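Colleague: this one's sequence-less:
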């Protein structure tokens with residue numbers, strides 16, 4: 001039993017002639033509180049969704065700061081003008 005129903009029951013016992021008005025008031029208060037609760041939960045779920053999106057976006061931008069684990073070589077690449085015109089062959093071992 002909710003607090004509104006307890007108040008309605010006490011009011012109906014004390015003033016039986018006010019039952020129709022109390023019923024309407026109880027219904028109005030319940031509908032309003034249910035609607036308010038729904039909207040609050042919807043807003044909170046949207047805030048959680050925005051938080052997740054911002055967290056994912058932050059992770060995406062932090063990926064730029066991941067260091068390269070393959071060290072650069074110490075010898076420079078020999079540049080032959082003839083091979084540069086024909087392309088470069090790369091071999092991974």
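Modeller: Arrived safely. Owing to the predicted nature of the structure, the values given are computational and were not obtained by experimental measurement.

Colleague: At which residues are the strands of this structure located?
Modeller: In the chain, no segments count as strands under DSSP state E.

Colleague: can you point me to the longest helix in it?
Modeller: Taking DSSP state H as the assignment, the helix of the chain that covers the most residues is helix 19-62.

Colleague: quick check, distance from that one to the centre of its chain.
Modeller: The chain centroid and the centroid of helix 19-62 are separated by 13 Å under C-alpha atoms, centre = their mean, to the nearest Å.

Colleague: Could you state which residue of the chain sits nearest its centroid?
Modeller: With distances taken as C-alpha atoms, centre = their mean, residue 49 lies nearest the centre of the chain, 1.3 Å away.

Colleague: how far away is it from residue 36?
Modeller: As judged by C-beta to C-beta, to the nearest Å, residue 49 and residue 36 stand 20 Å apart. Bear in mind the C-beta positions are built from the backbone N, C-alpha and C, glycine included.

Colleague: Likewise for residue 26?
Modeller: Look at residue 26 and residue 36: by C-beta to C-beta, they are 16 Å apart.

Colleague: Who has more neighbours out of these two?
Modeller: The neighbour comparison of residue 26 against residue 36 (other C-beta atoms under 10 Å) goes to residue 26, with 18 against 10.
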